[in-house]
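Colleague: quick one, fold the following:
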Amino acid sequence: MRAASWNLTRPLFSCAALGAAAPGTAARPHARHGRAAGAARGEAAFKPVRKVLTNRRSAGRPTPLSRAQRALPSNGNVLTCVRPLAIQPTATQGWHVSLRQLRLPTQAGYGPGRGAQVGPCRVGPISTEGGIGGEAVCLDGRVTAQQVESTTFRAAALFANSSFVIPDFQRDYSWREDAEVSAFWEDLVGALDAGEDYFLGLIILTDDGFEREVVDGQQRLLTLSLFANALRLAAVARNRRLVADTLQTTFLFSINYQTEAREPRLALSDDADAGDFKALIEAPTLTLAPTSGSSRLIQAHKYLTAQLERDLEASGNATLRLGRWAEFISNELTFTVFTHPNRSAAFRVFEVVNTRGKILTPAELIKSYVIGRSSESDRDNTVQRWGAIEQQFADLQADEQLTTFVRHVVELRRGYVVPKELYQIVTKAFDGPGAAQDLLSDLEQHLPVYIQLIDPTADVESTELRTRVFRLLSWLSAARFRPLFMAAAATGDDELLERSLAVVTPGVLSGNFGSGGIEAQFARAARRVHQGESGWDETLSDLGNLRPSREEFEIRLTRNLNKLHAQVLRAALVQQSPTPDIVGYAHQVRPRNGEGWPDFDDADYKEFGGNLANWLLVTTERRPPGARTPDAVKEKLLPHVINNELVEPADLPVWTSTFVAARTREYAQTCGDIWYGSR
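Modeller: Have a look, this model is predicted:
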């Protein structure tokens, strides 16, 4: 059986760690064409442990895992084996695992790590001869597993006996035709040509009879449905009506016997995706199937249809090849289905398992955690509240900042959080009754301020000073300091925002605030003032000591600057303010491609061209064509300078590198006065 080659991520445990691989070797995930080798994922770093793995369901000799189970996807907490792992049988029902002297790396977030015996922890689903086993819990270095229902299905059997509902918390269809969809196609055609079964990984469902809720596996199920529809349309075009009808009834539609209506086997949560999917699977012919539009679902179907048509035409006998494809997806594609009796249990597995699909962000895992910890009566409301938060970021096209937002909100309670540890911190800090709802309330409370931190022009209630501070913070790309400004904004005292900015700006402009250690100190300070453990005067004084000295600051400003920093400094000089309005556009007086500048040649430009004095602010975003010589700059650029700009036409005849260096030193001293006070 061919295993999906694109569903492997770094495992928490490897077979080498369990002693299943040969001595001195690391376990190697199964991957087509040698991709995703285990050694590249750091598995050898895990220390070997002793193992006892028993199967209590049957008596007899040890039973090795099937090849399909050895190729099970590995992510986070799934134990994966490539080499056969002997299962010692006993006469009793069920199965259990015991791990002794388990040693885990500290960064994994499980147990104390570094040679210490593991404490209480969740290990997650474990593969056994019957498929995926159950959720294992570590207690005093011993792992016991609770058996849950899991079965391996052929794709046709899985679809024909189920209808699937995509819950509201799931993301929209996200696979791209030039990435995941193309990999899906390449793996399918490779397995078909090699005559191998193909393993599509783990699907996590809740059990509600015929209709099942998809907790994990949406992207794969939907992409397979799109491919089945492409096959159906190809069969219709070649007058293979029986093949087309079978694909339609097996993969695409079920019958509601009460209403005698056909209903899609996949009910999608997103209205736009649901409409596109319905239009595709109801299309009577290929020419009538939707092909326009920017939705990824339509683009994926278009890609799969095009690839299939090329494959059929290249085969030499499209009719036979079509039949072979229909047989392949029906009987030679396999899923392992991990079914939980209730939603909450399924959510807990979803938190530690993400197979074959697009890798989840911490925010998506936390979303699952919050929804999963909600009571049944609150769950729909929780989904809506989280969706409203997501929509705010989507409206700003800042979806990637949602995880950072969650981390910054958590930091106001916990202090600095290492990004990769966010999920573990959240599940520990918000674990009690109602705690997950407390996190959701915290997010809602800080959301308006955070939206303005991302986009200072956002339509939220604000003051002129707050908007100016947030605009400058955004201009400096100082997102790592947002928790301090969130804490200040929560007080309603805008002066604290301005004072906080006066601490941050010199450190950013001088390059002293680029380390993670500085970010951690600011995050801890934000927590202290937000929780009332220290006052603002004391906190800002302590943070002020992290700034460079005035002398260091002024020396740094005599060196070349990037355009963004130059614009902030020029605005501060013009307005004589540490929180200036960012106005105009920064351009260099003597540009990189300048001509005819006496005593300011190209070698001088490399040393002084980015100096503060060689920049000026004008009202035009683009430099006027031909403004390369002193006369052209005087004629074309200087008429557009902003009010109170410091460059005068009379300066141009003496605009040498020496002149620029001397004036830069003067400007640096003035900036020192602005941010540190007059001497």
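Colleague: domain ranges for this protein?
Modeller: 2-147, 152-343, 363-553, 561-676 (automatic domain parsing).
Colleague: now the longest one: mean pLDDT?
Modeller: Taken as a whole, domain 152-343 carries a mean pLDDT of 89.
Colleague: neighbours around residue 672, how many?
Modeller: When neighbours are counted by other Cβ atoms under 10 Å, residue 672 registers 19. Where C-beta positions appear, they are placed from N, C-alpha and C, glycine not excepted.
Colleague: next up, the contacts around it.
Modeller: 550, 553-554, 679 (Cβ atoms under 8 Å, 6 or more residues apart in numbering).
Colleague: switch these over to a markdown table; also include secondary structure.
Modeller: Compiled in a markdown table, these are given as follows (DSSP: H, G, I helix; E, B strand; the rest coil):
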| residue | secondary structure |
| --- | --- |
| 550 | helix |
| 553 | helix |
| 554 | helix |
| 679 | coil |
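Colleague: ChimeraX command to pick out the buried ones of those?
Modeller: To isolate in ChimeraX the members of the contacts of residue 672 that are buried, counting by 16 or more other Cβ atoms under 10 Å, one can use:
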select :550,553,554
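Colleague: and the contacts of residue 672, which is closest to residue 392?
Modeller: residue 553 (36.8 Å; Cβ to Cβ).
Colleague: that closest one against residue 506, yeah?
Modeller: Yes: assessed by Cβ atoms under 8 Å, residue 553 is found in contact with residue 506 at 5.2 Å.
Colleague: now for the helix or strand in which residue 490 is found, which elements pack on it?
Modeller: Under the criterion of DSSP states H and E, residue 490 resides in helix 482-491. With contacts defined as 3 or more Cβ pairs under 8 Å, 6 or more residues apart in numbering; DSSP states H and E, helix 482-491 has these neighbours: helix 402-414, helix 435-454, helix 464-475, helix 494-510, helix 516-530, helix 536-544.
Colleague: now the third one - C-alpha only, PDB.
Modeller: Coordinates of each C-alpha in helix 464-475 appear next as PDB, following Å, rounded to 0.1, in the frame of the first residue of the first chain:
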ATOM      1  CA  GLU A 464      -6.100  61.400  17.800                       C
ATOM      2  CA  LEU A 465      -3.100  60.600  20.100                       C
ATOM      3  CA  ARG A 466      -3.900  56.900  20.200                       C
ATOM      4  CA  THR A 467      -4.100  56.700  16.400                       C
ATOM      5  CA  ARG A 468      -0.800  58.600  16.000                       C
ATOM      6  CA  VAL A 469       1.000  56.300  18.500                       C
ATOM      7  CA  PHE A 470      -0.400  53.200  16.800                       C
ATOM      8  CA  ARG A 471       0.500  54.500  13.400                       C
ATOM      9  CA  LEU A 472       4.100  55.100  14.500                       C
ATOM     10  CA  LEU A 473       4.300  51.700  16.200                       C
ATOM     11  CA  SER A 474       3.100  50.000  13.000                       C
ATOM     12  CA  TRP A 475       5.600  52.100  10.900                       C
END
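Colleague: okay, buried residues for the helix or strand hosting residue 191 please.
Modeller: Secondary-structure assignment from DSSP H and E places residue 191 in helix 180-194. Neighbour-count burial for helix 180-194 flags 180-185, 187-188, 191-192 (criterion: 16+ other Cβ under 10 Å).
Colleague: let me know the closest of the residues you listed to residue 431.
Modeller: Using Cβ to Cβ, the buried residues of helix 180-194 come closest to residue 431 at residue 180, 33.6 Å.
Colleague: now for the residue lying closest to residue 487 once chain neighbours are set aside, how many residues are close by?
Modeller: Closest residue to residue 487 apart from its sequence neighbours, by Cβ to Cβ, 6 or more residues apart in numbering: residue 530 at 4.1 Å. Look at residue 530: counted by other Cβ under 10 Å, it has 18 neighbours.
Colleague: quick check: the gap between residue 530 and residue 537.
Modeller: From residue 530 across to residue 537, the span is 15 Å (Cβ to Cβ, to the nearest Å).
Colleague: ok, how many other residues are close to residue 374?
Modeller: There are 23 residues near residue 374, going by other Cβ under 10 Å.
Colleague: for it, phi and psi?
Modeller: phi -80, psi 150 (degrees, to the nearest 10).
Colleague: need the contact list for residue 493.
Modeller: With Cβ under 8 Å, 6+ apart, residue 493 has no contacts at all.
Colleague: circling back to that earlier point, got the CA positions of the helix holding residue 490 in PDB?
Modeller: Output in PDB follows, covering the C-alpha atoms of helix 482-491 (Å, rounded to 0.1, in the frame of the first residue of the first chain):
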ATOM      1  CA  ARG A 482       2.000  45.200  21.400                       C
ATOM      2  CA  PRO A 483       1.200  43.700  24.800                       C
ATOM      3  CA  LEU A 484       2.600  46.700  26.500                       C
ATOM      4  CA  PHE A 485       0.400  49.000  24.400                       C
ATOM      5  CA  MET A 486      -2.600  46.700  24.900                       C
ATOM      6  CA  ALA A 487      -2.100  47.100  28.700                       C
ATOM      7  CA  ALA A 488      -1.800  50.800  28.400                       C
ATOM      8  CA  ALA A 489      -4.900  51.200  26.200                       C
ATOM      9  CA  ALA A 490      -6.900  49.100  28.700                       C
ATOM     10  CA  THR A 491      -6.300  51.900  31.300                       C
END
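Colleague: retrieve the pLDDT associated with the residue nearest the centre of the chain.
Modeller: Closest to where the C-alpha atoms of the chain average out (Cα atoms, centre = their mean) is residue 361, at 3.6 Å. As predicted, residue 361 sits at a pLDDT of 76.
Colleague: understood, closing this out.
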